[in-house]
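Trainee: sequence and predicted structure are below.
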Amino acid sequence: MLTQRNLIGIFFASRPINLLITWITFSVAAYFSYLHHFDFLYSSVYWLQVTCMLIITASGYIINDLYDYKIDLINKPHKTYVNIYASSKKFWTSYWLMTFAAAILSLFLPWKFLIINYGSMFLLYLYAYYFKRYAIVGNLIVSTLTSMVVISGGLLAHIKLPLMWMSIFAFQITLIREIVKDIEDLKGDLKNQLKTLPIIAGLKLTQIVLLSLMVVIILTILLPFLVYYSLFHEFLWDYLLSSILLVIFPLFWVMKILMTKGFFFLKYTKTSLYLKWIMIGGIISCFFLK
């Protein structure tokens, strides 16, 4: 039987803030898919898919905590929930119940969402069980799944150009953040013999990779502005201004933090948090795309 403490642990292990960001991202994608209207709120497919997506995402965080329990005790003991708030058995039960619920609910959705949901559950399990322990592969899986949230929203009605830019941005910013998190988790990962990018390539090269990816994402953000002008001879000034304020300037600030001399975990913890808010800023700027 689950106690109140057990439920609190499972709730926080599901990362409610990240689930909220997932919901917002999917809803913005649905807004674009419905051609800048909120009619998707009257769609049963929207509500069923967003429910499945949130359950799948929450179950992914839980199984990740289950497989990383010993690592988390080293890297972030203050955010360890397994065997602290509830036994691993209760967490496993919660994971399988969530997975079963999402699998059943997905059967009532069109086949395209069924494939996405079943594929996401399968990949999240493989990620937690195996791929997280290897450089880049695990990072790419998480980044792809994040971009699929945007694509899922687009599949509700129409896949439009803003959705494509939004999915690319979601992939890029998530990839950067996942590599930063690998640096944050370096101590525990080393002790448990993981082969993440910072471990096999070293911190200096990993930092160069991060800075390079940030330059790429800045250039990518500017592309819609240039492409729209070349096609329609119209400047998307609102998009450019919002992107500069909400994404590009904050990214330059993050780059400055990363280039600070010396290695200290607080630097990467701050960077990870800033990247989460930059993701939200990127989503907001996409509202000004046509």
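Mentor: That came through, no problem. Residues are numbered from 1 along each chain as shown.
Trainee: please name the spatially closest residue to residue 125 (chain neighbours excluded).
Mentor: residue 63 (6.3 Å; Cβ to Cβ, 6 or more residues apart in numbering). For the C-beta atoms, the positions are set from N, CA and C on the backbone; glycine is no exception.
Trainee: residue 54 against residue 19, yeah?
Mentor: Yes - Residue 54 is in contact with residue 19 according to Cβ atoms under 8 Å; the separation is 5.3 Å.
Trainee: and the gap between the residue nearest to residue 125 and residue 77?
Mentor: To residue 77, residue 63 is 20 Å away according to Cβ to Cβ, to the nearest Å.
Trainee: more neighbours, these two?
Mentor: The neighbour comparison of residue 63 against residue 77 (other Cβ atoms under 10 Å) goes to residue 63, with 23 against 10.
Trainee: so that one is in which element?
Mentor: helix 44-67 (DSSP states H and E).
Trainee: next structured bit after that helix?
Mentor: Next along from helix 44-67, by DSSP H and E: helix 69-75.
Trainee: elements contacting that following helix?
Mentor: On a contact count with 3 or more Cβ pairs under 8 Å, 6 or more residues apart in numbering; DSSP states H and E, helix 69-75 meets helix 186-191.
Trainee: residues contacting the helix it packs on, please?
Mentor: Helix 186-191 has contacts (Cβ atoms under 8 Å, 6 or more residues apart in numbering) with 70-75, 182, 196, 198-199, 203.
Trainee: let's go with 6 Å and repeat that
Mentor: Contact with helix 186-191 is made by 71, 74-75, 196, 198, as judged by Cβ atoms under 6 Å, 6 or more residues apart in numbering.
Trainee: quick one: which two of the residues you listed are the most distant?
Mentor: Maximum pairwise distance among those (Cβ to Cβ): 15.0 Å, between 74 and 198.
Trainee: can you list the domain ranges for this structure.
Mentor: As assigned by automatic domain parsing, the chain contains the domains 1-158, 160-290.
Trainee: how far does the last one stretch from start to finish?
Mentor: In this case it means domain 160-290. Terminal residues of domain 160-290 are spaced 9 Å apart (Cα to Cα, to the nearest Å).
Trainee: what's the spacing between it and its chain's center?
Mentor: Mean C-alpha position of domain 160-290 versus that of the full chain (Cα atoms, centre = their mean, to the nearest Å) differs by 12 Å.
Trainee: the first one too?
Mentor: For domain 1-158, the distance from its own C-alpha centre to the chain's C-alpha centre is 10 Å (Cα atoms, centre = their mean).
Trainee: what sits closest to residue 6 if chain neighbours are left out?
Mentor: residue 86 (3.9 Å).
Trainee: ok, the one you found to residue 125 distance?
Mentor: When residue 86 is compared with residue 125 (using Cβ to Cβ), they lie 20 Å apart.
Trainee: for the two, indicate the residue with more neighbours.
Mentor: Using other Cβ under 10 Å as the criterion, residue 86 and residue 125 rank with residue 86 on top: 21 against 18.
Trainee: hang on, the earlier thing: if any of the contacts of helix 186-191 are buried, give me the ChimeraX selection for them.
Mentor: Buried residues within the contacts of helix 186-191, by 16 or more other Cβ atoms under 10 Å, are selected in ChimeraX with:
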select :71,75,196,198
